[in-house]
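Undergrad: just a sequence and a predicted model for now, questions to come.
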Amino acid sequence: MSIRISGAISVKTLAGLATRPTPSKVRAAVFNIWQWKIKRSHWLDLCAGSGAMSAEALVKGASFVTAIEMSRVACKLIEQNLEKICKSDQGFKIYCDDVVKSLLKLSPHSFDLVYFDPPYQSQLYIPVLAAIAPLMALQAIIAVEHDRNRRLDQIPTTLQLIDQRTYGQTSVSFFTLAN
């Protein structure tokens, strides 16, 4: 199976819902919101699934993409997808491991844009949001995809909610570092 990203470029996805791809409407909305921030950015894709968000970030001009995904099969697919898209002046790194453990290994990186799309029923939201602040550049933004009925309570004081958008059953909450 495959999904189309920018223009005529497509990426492979895994069959089934084990790595649910970000809906195209949500993907398009996030890239429209961030369109002026992507060029030369350092992108972090958490719970990367097929790597479609990372692939789109590379197509839109991100200079480096880091993807974290727990599924070994998905990691191989992400690598194939990103190798196909990555230009000579771009790069990527894939961590095939638990997302929280991987975040602790990343320090002291500085990411400009972070996309976090865990399984909606997971308990990853708060641990990941608690671990992410030290990895964010000063003007960084993190987008968190979640079910529209899920409240993101107990957000760490290191982050502040700046926007929230809803697209059908999916919401995306945007955070920056707190002042």
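TA: Everything's here; your move.

Undergrad: run through the residues that contact residue 156.
TA: Residues in contact with residue 156 (CB atoms under 8 Å, 6 or more residues apart in numbering) are 126, 129, 130, 133. Yep, even glycine has a C-beta here, placed from its N, CA and C like the rest.

Undergrad: again, 6 Å this time
TA: 129, 130 (CB atoms under 6 Å, 6 or more residues apart in numbering).

Undergrad: give me the secondary structure label for it.
TA: When the structure is split into helix, strand and coil by DSSP: H, G, I helix; E, B strand; the rest coil, residue 156 lands in coil.

Undergrad: can you show me the helices along the chain?
TA: Assigned by DSSP state H, the chain shows helices spanning 24-33, 52-59, 72-85, 99-106, 125-132.

Undergrad: comparing those, which comes out most buried?
TA: A comparison of the helices of the chain by mean neighbour count, using mean count of other CB atoms under 10 Å, puts helix 52-59 on top with a mean of 27.

Undergrad: and that helix, what does it pack against?
TA: Counting contacts by 3 or more CB pairs under 6 Å, 6 or more residues apart in numbering; DSSP states H and E, helix 52-59 is packed against strand 42-46, strand 64-69, helix 72-85.

Undergrad: for residue 93, find the nearest of these.
TA: With CB to CB, the closest approach to residue 93 among those belongs to strand 64-69: 5.0 Å.

Undergrad: the helices of the chain into CSV, with extra columns for distance to residue 116 and mean pLDDT?
TA: As requested, the helices of the chain are arranged in CSV below (distance: least, CB to CB, whole Å; pLDDT from 0 to 100):
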stretch, distance to residue 116, mean pLDDT
helix 24-33, 11, 91
helix 52-59, 10, 93
helix 72-85, 16, 92
helix 99-106, 8, 91
helix 125-132, 6, 94
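
Undergrad: as TSV, the ones you listed with distance to residue 177 would be great.
TA: Converted to TSV, these look like this (distance: least, CB to CB, whole Å):
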stretch	distance to residue 177
helix 24-33	18
helix 52-59	20
helix 72-85	27
helix 99-106	15
helix 125-132	10
